[in-house]
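**Q** would you be able to build a 3D model of this:
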Amino acid sequence: MKRGSVHWINLEPASPPEMRKLRPAIVVSNSHQNDHLDSVVIIPLSSRAPEIWPLRLQIKLPGLKTSYAVVPAIRQVSTSRLDAAIGQTPAAAMKQLDEALALYLGE
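**A** Predicted coordinates:
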């Protein structure tokens, strides 16, 4: 599974404040590890979250309405939760997402 790929993912069951339901998500773990592990790290997308840098970034993907990557909702999930592939995140959007992740996870 390639880093930056976008898939429908079932996030149920979930406990508040975790994001839930079937929704698109971006795979942010590296492609090499994704090929060897039974889990990936994802950032869920939401159509309702406003853009609030650096925690939520607007992501435009073909076939989806305008969505927002919700960086604080980053989580590891089993690959069995992944459903249909939607596409690939554009390089410019992945660069922004990488910057947001570094700010969110760093000190």
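**Q** which element follows the helix or strand where V41 lies toward the C-terminus?
**A** Using DSSP states H and E, V41 sits in strand 39-46. Downstream of strand 39-46, the first helix or strand assigned by DSSP H and E is strand 56-59.
**Q** which other helices and strands does that following strand contact?
**A** Packing partners of strand 56-59 (3 or more CB pairs under 8 Å, 6 or more residues apart in numbering; DSSP states H and E): strand 67-70, helix 91-105. C-beta: built from backbone N, CA, C; applies to glycine.
**Q** so which of these comes closest to D38?
**A** For D38, the closest of the helices and strands packed on strand 56-59 is helix 91-105, at 22.2 Å, according to CB to CB.
**Q** counting contacts, what elements does that closest one pack onto?
**A** strand 56-59.
**Q** which parts of the strand it packs on count as buried, going by neighbours?
**A** 56-57, 59 (16 or more other CB atoms under 10 Å).
**Q** what of stretch 77-84?
**A** For stretch 77-84, by 16+ other CB under 10 Å, it's 77, 81-82.
**Q** which single one of the buried residues of strand 56-59 is nearest to Y68?
**A** Closest to Y68, out of all of these and judged by CB to CB, is R56, at 4.7 Å.
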